Each structure stands twice: as structure tokens, then as C-alpha cells.
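**Student:** Turn this into a structure:
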Amino acid sequence: LLRYWSALERLYSESNSREKRYERIIKRAIFADDDKLLSHWIMTHISQLRNEYVHAGDHDDDIHVMSQHLRLLLSRHVNYLLFHSPKIRTHKQWLEIVDLPGNEEELRARKALVDQRMRILQSGNKAEHTSK
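**Tutor:** So this is what the prediction gives:
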């Protein structure tokens with residue numbers, strides 16, 4: 001569990017940050033899960049098990065089940081990164097992707113805003129070139 005959690009922290013926290021914010025790590029880790037509420041509950045439970053073990057040396061029988069859950073989640077994400085995402089080149093880019101909204105409608109609205117911004121920039125650049 002400790003090794004899997006450490007891997008999760010490395011994958012879903014900023015590389016230059018010493019601060020470990022479990023809530024943000026959990027939100028990023030479950031970005032692709034269908035049942036976000038259940039996934040959030042499981043990941044919160046895992047983080048609590050991890051903390052209990054690290055700080056008190058205590059754990060219960062649940063640690064093995066939760067370790068397997070974490071192993072499967074990491075396997076899915078790492079396999080995706082290795083084999084299906086050639087355009088993702090940096091860790092920062094991956095975090096930007098997982099931080100995007102999970103709702104398709106929200107993503108389309110954000111894309112429309114980005115497209116509008118691009119048109120504004122392009123029209124501004126054209127105006128600069130024609131005025132010279």
C-alpha cells in the first residue's frame with residue numbers, strides 16, 4: 001500500500017511541490033472513473049489506511065483489499081500513459097488533462113471559449129500585420 005500510494009503521489013502531484021494534498025491527489029486519480037462518489041470514498045479510505053499505518057503502525061484486514069484496488073487503478077493509468085497517449089509529453093501536461101472537468105458538456109463549453117480566444121488572438125495578429 002505504501003509503495004502504491006507513493007506512486008500515486010508521484011503521478012498526481014506537482015513534481016516541485018513538497019506539499020501532499022490528498023484531496024487533490026484523489027480527485028486527479030479518479031478523474032476517469034464512472035462512479036466518482038464510490039471511487040472517492042475508496043481512495044479516501046486508502047489514504048486513511050496509509051496514514052494509520054505510517055503514523056501508528058496500525059492496519060486492519062482492509063489493507064490488502066485496498067492495496068489491490070490501488071494497484072489496479074495505477075496499472076490502468078500507467079498503461080494508458082505508456083501505450084495510448086503519445087501526445088502527452090510532460091507530467092505537467094498530464095496534470096492539466098486530469099484537472100479538466102469530467103463533464104462532457106463543460107468540456108465542450110471550455111473548448112468553445114478557447115476557440116473564441118484563439119480567434120481573437122488571430123484577428124489581433126492580423127490587425128498588427130496589416131497596420132505595419
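
**Student:** mind checking how far the helix or strand hosting Ser6 is from the chain centre?
**Tutor:** Using DSSP states H and E, Ser6 sits in helix 2-12. Here the centre of helix 2-12 is set off from its chain's centre by 12 Å, with CA atoms, centre = their mean, to the nearest Å.

**Student:** Could you tell me which residues within that helix count as buried?
**Tutor:** Within helix 2-12, the residues scored as buried using 16 or more other CB atoms under 10 Å are 4-5, 8-9, 11-12. For the C-beta atoms, the positions are set from N, CA and C on the backbone; glycine is no exception.

**Student:** With adjacent residues omitted, what lies nearest to the most centrally placed residue in the chain?
**Tutor:** Residue closest to the average C-alpha location in the chain (CA atoms, centre = their mean): Arg28, at 2.8 Å. Setting aside the residues directly before and after it, Arg28 is nearest to Tyr12 in space (CB to CB, 6 or more residues apart in numbering), at 4.1 Å.

**Student:** Give me the contact list for stretch 84-102.
**Tutor:** Here stretch 84-102 makes contact (CB atoms under 8 Å, 6 or more residues apart in numbering) with 11-12, 14-15, 28, 31, 36, 81, 107, 110.
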